[in-house]
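**Student:** Here is a sequence with its predicted model. Questions after.
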Amino acid sequence: MTTTYTYSLPIGPIHPALKEPIRVVAEVEGERVVRADVKRGFAHRGIEFMGMKRNAIQTLYLSERICGICSISHPYAFVKAVENAIGMEAPPRAQYIRTIIAELERIHSHILWLGVIAHEMGFDPLLYWTWKGREMVMDLLEYLTGNRVNYAMYMIGGVRRDLNEKKIRAIKENMNYYRQFNQEMKDVFMSDPTYKARTRRVSLLTRKDALELCAVGPTARAAGLRMDIRQDQPYDAYADMDVRAVVPQDITGEVMGDAYDVTLVRLYEIDQSIEIIERCLEDLPPGPILAEPNLIKLLMTIKRSEGEGVGRHEAPRGEVMHYVRFDGTRDGPVAWKVKAPSYNNINIWGRVLVGAEIADIPIAVGYIDPCMCCNDRVAEVRRGGRELPYEEVRRKCREKTMRIKREVMG
Amino acid sequence: MGKLDSFKRALWVFHLATGSCNACDIEIVALLTPRYDVERFGIKLVGSPRHADVLLVTGCVVRPLADMVRRVYEQVPDPKAVIVVGNCGATGGTFYDSYNVAGPVNEIIPVDVYVPGCPPRPEAIIDAVVKAWMKLEKFEKELEKKHRGGEK
């Protein structure tokens, strides 16, 4: 009589694949994962707590440091929440500039993900090639805002820097480059048979699971759900843009909800972002960029306000939501709550990892574009079981790619 | 900055995120890509601290990771150098008054080079790695000298 043993396979919290600390414990039986658990909270910095001790403009600065990839998404949701609470609205020009910067960030974030998933699969040249293309948008963001990351562009009631003719021309040239570059990326990712074989039916997320586990962003859209904050609850310039959620059934006619569909959604969203930016530039209204240029006065307005506000923004990874409350006694929020998209999306790991091969774990983990620093929770780490180093898992992942490549290429 | 006399070997770097916001981390990955391409200098990111010469630490050290930072530091073979990338690892930065921050990196492990910035530019990180490299070479020469002295 044979007995089957299950081994627990801990990944993290410090490992080379993800640049951030998180721990995934997968119980494996042979090559199959039978149970998976996620422990998070290794990047908890108590940001909400610190924000409640500072004034609103300092908190805005802090909100930018929640995440370095979505370094405009959190400030966006935060300024929307504060404006919602104090009843202020940004001037039209500022709204358009905000939308342009947010879409530029989506382009760089999606290209980043495409590179990372290629790297996990063992296509390192593809990582280098996509990231080479990404540097162009980083240069543009640096030119427009002054920094490659953490742009400090948004302010409560507007934006801090204006666009002039030269900058508008630079954006237009950049968009021409990206239209061509994205076409090349689509050719590579969609025509490569190995990539397709490696991602089709891997980390499958059904529509029902996506609804049950509250998946958001490209992960939910890949499962066929037409949900996008820019479409459902348009804000700022998105209201004029008539954004439609990008779903795989519109692209290929069928929904699988696998890693391939996520790739498609992300590739087509880059096109959508280019369109939005170009329309924003065409319709860019003249006028001031700040509703209240005097920041002392702005802080006093906040200090005298009572009320609560919610700000939502469709970040590259999904919906980010900020809640703030002012009680009329201090110039900062007395309550501040942040909900980042990865907080919802990490929950699907427990579902998509079950039944997966060990070699598919890196893809399933990378699939949602996880962002640990966005979701702040404290967790406990238990040790035990036989440990398999993550390098081993990645080696298996790459070997499988090579095997499939041989099969596909014949 | 002094002159780098010799490139004795490739320099292997282990990247350790200790509660950073991802900005420095992504800039470190950007270093590997064609625009900056640090591999032409022989600088390579490795997957295990046991293979590394240099430890690249990003972020203020959060409490759950403080012990792991010590453990990773101990696993790096001597001679080793530690570089802190970003303001929050150097001083606590914007997270200075957090309840979950165990302190700037130098309160946990000894640090050789600091790179200020939030986040620093990739060029600044390359400069820091070169500085650490020079420090390592100096340290190695001292060790050799000491070793020769002992033989006599």
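**Tutor:** Yes, it's here.
**Student:** Near the residue in chain B that chain A sits nearest to, how many other residues are there?
**Tutor:** Proximity of chain B to chain A (Cβ to the nearest Cβ) peaks at B:Ala23, 2.4 Å away. (Each C-beta comes from the backbone N, C-alpha and C, glycine too.) Using other Cβ atoms under 10 Å in any protein chain shown, B:Ala23 has 28 neighbouring residues.
**Student:** Let me know whether the longest helix anywhere in chain A sits next to chain B.
**Tutor:** Assignment by DSSP state H gives helix A:92-121 as the longest helix of chain A. Yes: remark: helix A:92-121 sits within contact range of chain B at A:112, A:115, by Cβ under 8 Å from any Cβ of the partner chain.
**Student:** So which elements touch that helix?
**Tutor:** Using 3 or more Cβ pairs under 8 Å, 6 or more residues apart in numbering or on different chains; DSSP states H and E, the elements in contact with helix A:92-121 are helix A:73-86, helix A:124-145, strand A:158-159, helix A:165-191, helix A:193-199, helix A:259-283, helix A:361-366, helix A:390-409.
**Student:** residue ranges with poor pLDDT in the chain?
**Tutor:** This is for chain A. A:1-5, A:12-21, A:40, A:371-393, A:410 (pLDDT under 70).
**Student:** oops, chain B please
**Tutor:** If you take pLDDT under 70 as the line, chain B has these spans: B:1-8, B:149-152.
**Student:** Which residue ranges of it form strands?
**Tutor:** Assigned by DSSP state E, chain B shows strands spanning B:11-17, B:43-45, B:54-58, B:61-62, B:81-85, B:101-103, B:113-115.
**Student:** For chain A, which residue occupies the most central location?
**Tutor:** Residue closest to the average C-alpha location in chain A (Cα atoms, centre = their mean): A:Arg317, at 2.6 Å.
**Student:** Return the residues in contact with it.
**Tutor:** By Cβ atoms under 8 Å, 6 or more residues apart in numbering or on different chains, the contact list for A:Arg317 reads A:70, A:109, A:216-219, A:340-342, A:345, A:368-369, A:371, A:374.
**Student:** can you rerun that using 6 Å?
**Tutor:** Taking Cβ atoms under 6 Å, 6 or more residues apart in numbering or on different chains, we find A:Arg317 in contact with A:217, A:341, A:369.
**Student:** do you know how far the residue in the stretch 201-350 of chain A that chain B sits nearest to is from A:Thr219?
**Tutor:** Proximity to chain B, evaluated over the stretch 201-350 of chain A using Cβ to the nearest Cβ, is greatest for A:Ser342 at 10.8 Å. From A:Ser342 across to A:Thr219, the span is 10 Å (Cβ to Cβ, to the nearest Å).
**Student:** And B:Cys118, by the same measure?
**Tutor:** Look at B:Cys118 and A:Thr219: by Cβ to Cβ, they are 29 Å apart.
**Student:** ok, now B:Ala132?
**Tutor:** 39 Å.
**Student:** more crowded one of these two?
**Tutor:** For B:Ala132 and A:Thr219, the more surrounded residue by other Cβ under 10 Å is A:Thr219, and the numbers stand at 28 against 22.
**Student:** so where do the helices sit in chain B?
**Tutor:** Using DSSP H, helices in chain B cover B:23-32, B:63-75, B:87-91, B:122-151.
**Student:** who touches the second one?
**Tutor:** With contacts defined as Cβ under 6 Å, 6+ apart, helix B:63-75 is touched by A:14, A:42, B:16, B:18, B:49-50, B:61, B:100, B:102, B:108-109.
**Student:** ok, and for it, which residues are buried?
**Tutor:** Using 16 or more other Cβ atoms under 10 Å in any protein chain shown as the test for burial, helix B:63-75 gives B:63-66, B:68-69, B:72-73.
**Student:** can you pull the contacts of the residue of chain B closest to chain A?
**Tutor:** Residues near B:Ala23 by Cβ under 6 Å, 6+ apart: A:68, A:149-150, B:119.
**Student:** would A:Ser8 count as being in a helix?
**Tutor:** No: counting by DSSP: H, G, I helix; E, B strand; the rest coil, A:Ser8 is not found in a helix; it is strand.
**Student:** rewinding a little: so what's the residue nearest to the centre of chain A closest to, chain neighbours aside?
**Tutor:** Spatially, and ignoring its direct neighbours in sequence, A:Arg317 is nearest to A:Pro341 (4.1 Å; Cβ to Cβ, 6 or more residues apart in numbering or on different chains).
**Student:** So what's the residue count around that neighbour?
**Tutor:** Residues lying near A:Pro341 (other Cβ under 10 Å) number 30.
**Student:** I figured it was touching A:Glu314, is that so?
**Tutor:** No: the criterion here is Cβ atoms under 6 Å, and A:Pro341 misses it with A:Glu314 at 8.9 Å.
**Student:** A:Met338: helix or strand, and which one exactly?
**Tutor:** Check again: residue A:338 is Val, not Met. If you go by DSSP states H and E, A:Val338 is part of strand A:335-339.
**Student:** Sort out which residues of that strand are buried, please.
**Tutor:** Within strand A:335-339, judged by 16+ other Cβ under 10 Å, the buried ones are A:336, A:338-339.
**Student:** ok, and what's touching stretch A:302-312?
**Tutor:** Residues outside stretch A:302-312 that contact it (Cβ under 6 Å, 6+ apart) are A:56, A:77, A:80-81, A:84-86, A:229, A:321-328, A:331.
**Student:** Do I have it right that A:Ser342 meets A:Pro370?
**Tutor:** Yes: here A:Ser342 lies in contact with A:Pro370, judged by Cβ under 6 Å, at a distance of 5.1 Å.
**Student:** more crowded one of the two?
**Tutor:** A:Ser342 (27 against 22).
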